[in-house]
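*Asks:* one predicted model, sequence on top.
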Amino acid sequence: MKLPDRQLTTPTLNLSPLIDVIFILLIFVVMVARFIDDERLDVTPPSASAGRPAEVDALLIEVDAEGQVVVEGELVAEDELPDVLARARSRFQRAVLVADRDARLQVAVDVLSAAKLSGFEGVALATTPPEK
């Protein structure tokens, strides 16, 4: 009895799942890259033992050691701060203050107060983990 000849098939590799994973990683990198940009001012945040990761979609407010306030990369005068924060409130629900550890406490409190009065749901102070 003669058996039928089997045709040899060439194995193929489906690259669709690999491409999907690459795109997901690319989206993750693009979303996280926003926080790498916080080196605009020479700001060294204070350290704290307690804390949690910052909000992804939050307004970034920076205060340097001299008391200069920067909102989204633009230097803002003290009297213009409430107006700038009110305009930014339409795009963001939360705000994160990145204040230099040598900044005057009153400047940081004024910025936090102005952000809260502008209607932000949450206002956080950025810190770094303590050095061991």
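*Replies:* Looks like it arrived, so ask away.
*Asks:* other SSEs contacting the longest helix along the chain?
*Replies:* Looking across the chain with DSSP state H, the single longest helix is helix 16-36. On a contact count with 3 or more Cβ pairs under 8 Å, 6 or more residues apart in numbering; DSSP states H and E, helix 16-36 meets no helix or strand. Glycine gets a C-beta too; all of them are placed from N, C-alpha and C.
*Asks:* can you show me the helices along the protein?
*Replies:* Using DSSP H, the helices of the chain run over 16-36, 81-88, 105-117.
*Asks:* would JSON lines of the ones you listed with distance to residue 72 be doable?
*Replies:* Supplementary listing: the helices of the chain in JSON lines, determined by distance: least, Cβ to Cβ, whole Å:
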{"stretch": "helix 16-36", "distance to residue 72": "11"}
{"stretch": "helix 81-88", "distance to residue 72": "7"}
{"stretch": "helix 105-117", "distance to residue 72": "13"}
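*Asks:* so can I have CSV of those showing mean neighbour count, distance to residue 130 and mean pLDDT?
*Replies:* Output for the helices of the chain, formatted as CSV (neighbours: other Cβ atoms under 10 Å; distance: least, Cβ to Cβ, whole Å; pLDDT from 0 to 100):
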stretch, mean neighbour count, distance to residue 130, mean pLDDT
helix 16-36, 10, 20, 83
helix 81-88, 16, 30, 89
helix 105-117, 16, 19, 87
